[in-house]
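Participant: heads up, no residue letters with this:
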């Protein structure tokens, strides 16, 4: 899910692709940001790129 978010996919796109509810994806996104002490998708994307999780 982190890779999908960092790749610019919307919450609804991720939910559809993973067969999850939008609320579930949103909750996971919030928890990922909190655990990694990040504030938004831009910081998450920077984190993923700097660690070569996405291209």
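Facilitator: Nice, I can see it. In this text, all values refer to a predicted model and were calculated from it rather than measured experimentally. Numbers count the residues shown, from 1 in each chain.

Participant: Could you pull up the mean pLDDT of stretch 25-36?
Facilitator: In this model, stretch 25-36 has a mean pLDDT of 97.

Participant: Next, the buried residues of that stretch.
Facilitator: The neighbour-count criterion (16 or more other Cβ atoms under 10 Å) identifies 25, 28, 29, 32, 33 as the buried residues of stretch 25-36. Backbone N, C-alpha and C define where each C-beta goes, glycine included.

Participant: Pick the one among those residues closest to residue 5.
Facilitator: Nearest to residue 5 out of the buried residues of stretch 25-36 is residue 29 (Cβ to Cβ; 5.9 Å).

Participant: Skip the chain neighbours and tell me the closest residue to the closest one.
Facilitator: Nearest non-adjacent residue to residue 29, counting by Cβ to Cβ, 6 or more residues apart in numbering: residue 5, 5.9 Å away.

Participant: Just read off the phi/psi values of that neighbour.
Facilitator: Here is the backbone geometry of residue 5 (degrees, to the nearest 10): phi -60, psi -50.

Participant: which ones are touching it?
Facilitator: Going by Cβ atoms under 8 Å, 6 or more residues apart in numbering, residue 5 touches 14, 29, 32, 41, 44, 45.

Participant: Hmm, the second one is touching residue 4, no?
Facilitator: Read it as residue 29. No. Checked against Cβ atoms under 8 Å, the pair residue 29 and residue 4 is beyond contact range at 9.7 Å.

Participant: Would you state the helices of this structure in chain order?
Facilitator: Taking DSSP state H as the test, the helices found in the chain are 2-6, 11-18, 22-35, 41-50.

Participant: Quick one: mean pLDDT over the first one.
Facilitator: Within the predicted structure, the mean pLDDT of helix 2-6 is 93.

Participant: same question, the last one
Facilitator: Confidence over helix 41-50, taken as the mean pLDDT, stands at 95.

Participant: quick one: buried residues of that helix?
Facilitator: 44, 45, 47, 48.

Participant: I'm done for today, thanks for sticking with me.
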